[in-house]
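Asks: Sharing a sequence plus its predicted fold:
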Amino acid sequence: MQLASVTVDPAFVVGPVRRRTFGSFVEHLGRCVYTGLHDPAHPTADVDGFRGDVVDLVRELGVSTVRYPGGNFVSGYRWEDGVGPRAQRPVRLDLAWHSTEPNTVGVDEFVRWARRAGVEPMMAVNLGTRGIQEALDLLEYCNVRGGTALSDLRRGNGAEEPHGIRMWCLGNEMDGPWQTGHKTAHEYGRLAAETARAMRQIQPDLELVACGSSGSGMPTFGEWERIVLSEAYDVVDLISAHAYYCEDDGDLASFLASAVDMDHFIESVVATADAVRAARKADKRIHLSFDEWNVWYVKRAESRPPAGDDWPVAPVLLEDRYNVADAVVVGNLLISLLRHTDRVHAASLAQLVNVIAPIMTEPGGRSWRQTTFHPFALTARHAAGEVLRVAIDAPVHDTTRFGAVPVVDAVATYEPDTGGLVLFAVNRSTTGPVGLTVDLRGLPAPQIVEALTLSNPDHTWTATADDATTVLPRGNPSAMRHADGMRVELPPVSWTMLRLEFPE
Ligand code: AHR
């Protein structure tokens, strides 16, 4: 068996565990909203038509923020179509996903859903087909208490209290040629800066996210961030990053190493933002909102939007079914986000329901957890206190996309008050187990509270509505303490969470 070790020291603090790391994303896309969140005919539906079974799963998932309403959708969206009496709301073409948008759900319903689900809404404005005025109108509608045309319109629509939305995305993926209203970095940087400046005139303490790159492979990656931040540095707080990964051409080893790309992506954006900071002689730092990340089999037929005269309402789109290897990658991407908690201040798993999602639903019927649900839910529930950088000593193996990578990746969180330590680790080997020694420097002998591992001899096992429970994270009986720490065996293609305490 291959051997590896991680050294954990409570002095190696990266920064706090941020609840916003565990955000997600709801777009008017496919069946995410309609028959996902919203299904008035469902037996668990509330007065707004939102499914109670889905709300329960969202709560179990431990999601903090939810970005809305897109995504590519937002770049053609008219927010005012989705407010007021339902019968009077216009039906529109959604160019982004070649669908028909009925506007049954809009900002007021979404905010009511978010309150019920216990999540913080994060709003995106349309800077594709629209601009500063419409962003200001939406902000006035949402956040001004009353006494103005649009705040009183909201009150008249039943929302007496302001929605109080603090985080706002200034457009979506404006670097992408597929985006309605796609812009150059200079064009977008100016528009983002002027929109941010104007929005802050209404509410100075907003947290504003400028669009970064929609992938580290974009030809403009790096330059885009530099130019956009050169225009907007003083008036935005965060810059976004988006990344999707999948197993291409059966290259499992590269896929399992996807977090190497996420690490590189984050560190490159941080370097660019800090270079702009240095050039401007600014004190302020720009942080990252990794507000779209996941596994997405983008080339599969289910990602292809309808075409021609076919403009369906809520078509089946991007409904990827995830296997055990996909879940291990999701767990590893969370490890990457956590270890950069000093600079990644928000993140959104894209998306929440049905569309490349951890939660699936049948219209009017069952809902279930995909494999990717479990590492997300367990990390969101148990990562607490401070993130600790761990020193990893592991064998490396070769991958086609990323060269030689360590087979083990890990991060730890530690709560100084309670003494609770949680280690999250993956074994990226496709062939064999790894014996992992955890060296707990500066800490007494641990008590193992829980050792859970997600793995399966067949890593292609996929959850379905009929069987979502045969493969779940299960107790790992190999976890054993010793004088300086503990030892555990990590099966190939696996994700593990170890919860430790240190009795006096
Ligand atoms: O999440 C699916 C799509 O991926 C979003 O609409 C877009 O922002 C990204 O390209």
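Replies: Looks like it arrived, so ask away. Numbering: from 1, shown residues only.

Asks: residues in the stretch 351-500 of the chain within reach of the ligand, list them.
Replies: residue 351 (C-beta under 6 Å from any ligand atom). Placement of C-beta: from N, CA and C, glycine included.

Asks: So residue 128 belongs to a helix, correct?
Replies: No - under DSSP: H, G, I helix; E, B strand; the rest coil, residue 128 falls outside any helix and is assigned coil.

Asks: Which residues are in contact with it?
Replies: 74-76, 171-172, 174, 179-182 (C-beta atoms under 8 Å, 6 or more residues apart in numbering).

Asks: Run a quick neighbour tally on the residue of the stretch 301-450 of the chain found nearest the ligand.
Replies: For the stretch 301-450 of the chain, the residue closest to the ligand is residue 350, as judged by C-beta to the nearest ligand atom, at 4.3 Å. For residue 350, the neighbour count with other C-beta atoms under 10 Å is 27.

Asks: Once you drop chain neighbours, what's closest to residue 9?
Replies: Spatial nearest neighbour of residue 9, excluding adjacent residues (C-beta to C-beta, 6 or more residues apart in numbering): residue 441 at 4.3 Å.

Asks: okay, now that neighbour: neighbour count?
Replies: The local packing of residue 441 (other C-beta under 10 Å) involves 13 other residues.

Asks: so what pLDDT did it get?
Replies: Among the per-residue scores, residue 441 holds a pLDDT of 83.

Asks: Ramachandran coordinates for it?
Replies: Residue 441 adopts backbone torsions of phi -60, psi 140, taken as degrees, to the nearest 10.

Asks: Out of the contacts of residue 128, which comes closest to residue 481?
Replies: residue 172 (47.9 Å; C-beta to C-beta).

Asks: Show the pLDDT at the closest residue to the closest one other than its chain neighbours.
Replies: Nearest residue to residue 172 in three dimensions, chain neighbours excluded: residue 74, at 5.1 Å (C-beta to C-beta, 6+ apart). Looking at residue 74, its pLDDT reads 98.

Asks: Tell me how far residue 74 lies from the ligand.
Replies: Noted for residue 74: a distance of 8 Å to the ligand, by C-beta to the nearest ligand atom, to the nearest Å.

Asks: was I right about that residue contacting residue 130?
Replies: No - using C-beta atoms under 8 Å as the test, residue 74 is too far from residue 130 to be in contact (9.5 Å).

Asks: Looking at the two now, which is surrounded by more residues?
Replies: residue 74 (28 against 21).

Asks: part of a helix, is that one?
Replies: Yes - membership of residue 74 in a helix is supported by three-state DSSP.

Asks: Would you map the strands across the stretch 201-350 of the chain?
Replies: 207-210, 238-245, 287-295, 344-350 (DSSP state E, counting those that start in this stretch).

Asks: Send me the shortest one as PDB with only the CA atoms.
Replies: Extracted in PDB, the C-alpha atoms of strand 207-210 (Å, rounded to 0.1, in the frame of the first residue of the first chain):
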ATOM      1  CA  GLU A 207     -20.900  44.000  -1.400                       C
ATOM      2  CA  LEU A 208     -20.400  44.100  -5.100                       C
ATOM      3  CA  VAL A 209     -18.900  41.400  -7.300                       C
ATOM      4  CA  ALA A 210     -17.300  42.300 -10.700                       C
END
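
Asks: Give the partner strands of that strand in its sheet and their orientations.
Replies: strand 167-170 (parallel), strand 238-245 (parallel) (DSSP bridges).

Asks: do you know how far the nearest residue to residue 31 once chain neighbours are set aside is from residue 29?
Replies: Using C-beta to C-beta, 6+ apart and skipping residues adjacent in sequence, the residue nearest residue 31 is residue 354, 4.2 Å away. Plainly put, residue 354 is 9 Å away from residue 29 if you go by C-beta to C-beta, to the nearest Å.

Asks: now swap in residue 226 and tell me
Replies: 30 Å.

Asks: more neighbours, these two?
Replies: Using other C-beta under 10 Å, the more surrounded residue of residue 226 and residue 29 is residue 29, with 29 against 16.

Asks: In terms of pLDDT, where does that one sit?
Replies: On the pLDDT scale, residue 29 gets 98.

Asks: Got the domain ranges for this protein?
Replies: Using automatic domain parsing, the domain parsing of the chain gives 2-10+387-501, 19-382.

Asks: Let me have the strands paired with strand 207-210 in a markdown table, adding mean pLDDT, mean neighbour count and distance to the ligand as columns.
Replies: Formatted as a markdown table, the strands paired with strand 207-210 follow (pLDDT from 0 to 100; neighbours: other C-beta atoms under 10 Å; distance: least, C-beta to the nearest ligand atom, whole Å):
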| stretch | mean pLDDT | mean neighbour count | distance to the ligand |
| --- | --- | --- | --- |
| strand 167-170 | 98 | 24 | 10 |
| strand 238-245 | 98 | 24 | 6 |
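
Asks: how close does whatever residue of the chain ends up closest to the ligand get to residue 158?
Replies: Going by C-beta to the nearest ligand atom, the ligand is nearest to residue 71 of the chain, at 3.0 Å. As for residue 71, its distance to residue 158 is 26 Å (criterion: C-beta to C-beta).

Asks: Between the two, which is the more surrounded one?
Replies: Between residue 71 and residue 158, residue 71 has the larger neighbour count (other C-beta under 10 Å), namely 27 against 10.

Asks: For the closest residue to the more buried one other than its chain neighbours, what are phi and psi?
Replies: Nearest residue to residue 71 in three dimensions, chain neighbours excluded: residue 27, at 3.5 Å (C-beta to C-beta, 6+ apart). As for residue 27, its main-chain torsions (degrees, to the nearest 10) stand at phi -120, psi 150.

Asks: ranges for the strands of the stretch 351-500 of the chain?
Replies: Listed in chain order (using DSSP E, counting those that start in this stretch), the strands of the stretch 351-500 of the chain are 359-361, 367-369, 386-388, 391-393, 396-399, 403-406, 408-415, 420-427, 434-440, 447-454, 474-475, 480-482, 485-490, 494-501.

Asks: any idea how far the first one is from the chain center?
Replies: Okay, so that is strand 359-361. 17 Å (C-alpha atoms, centre = their mean, to the nearest Å).

Asks: what's the answer for the last one, then?
Replies: Between the mean C-alpha location of strand 494-501 and the chain-wide mean there is a distance of 22 Å, by C-alpha atoms, centre = their mean.

Asks: neighbouring contacts of that strand?
Replies: 327-328, 331-332, 375, 378-379, 382, 418-427, 438, 440, 446-455, 473, 476, 479, 486, 488, 490.

Asks: On the three-state scheme, the nearest residue to residue 202 once chain neighbours are set aside is what?
Replies: Of all residues not flanking residue 202 in the chain, residue 139 sits nearest, at 5.5 Å (C-beta to C-beta, 6+ apart). Classification of residue 139 by three-state DSSP places it in helix.

Asks: Next one: residue 139 from residue 100, what distance?
Replies: If you go by C-beta to C-beta, the gap between residue 139 and residue 100 works out to 28 Å.

Asks: Compare these two (neighbour count), which wins?
Replies: residue 139 (24 against 17).
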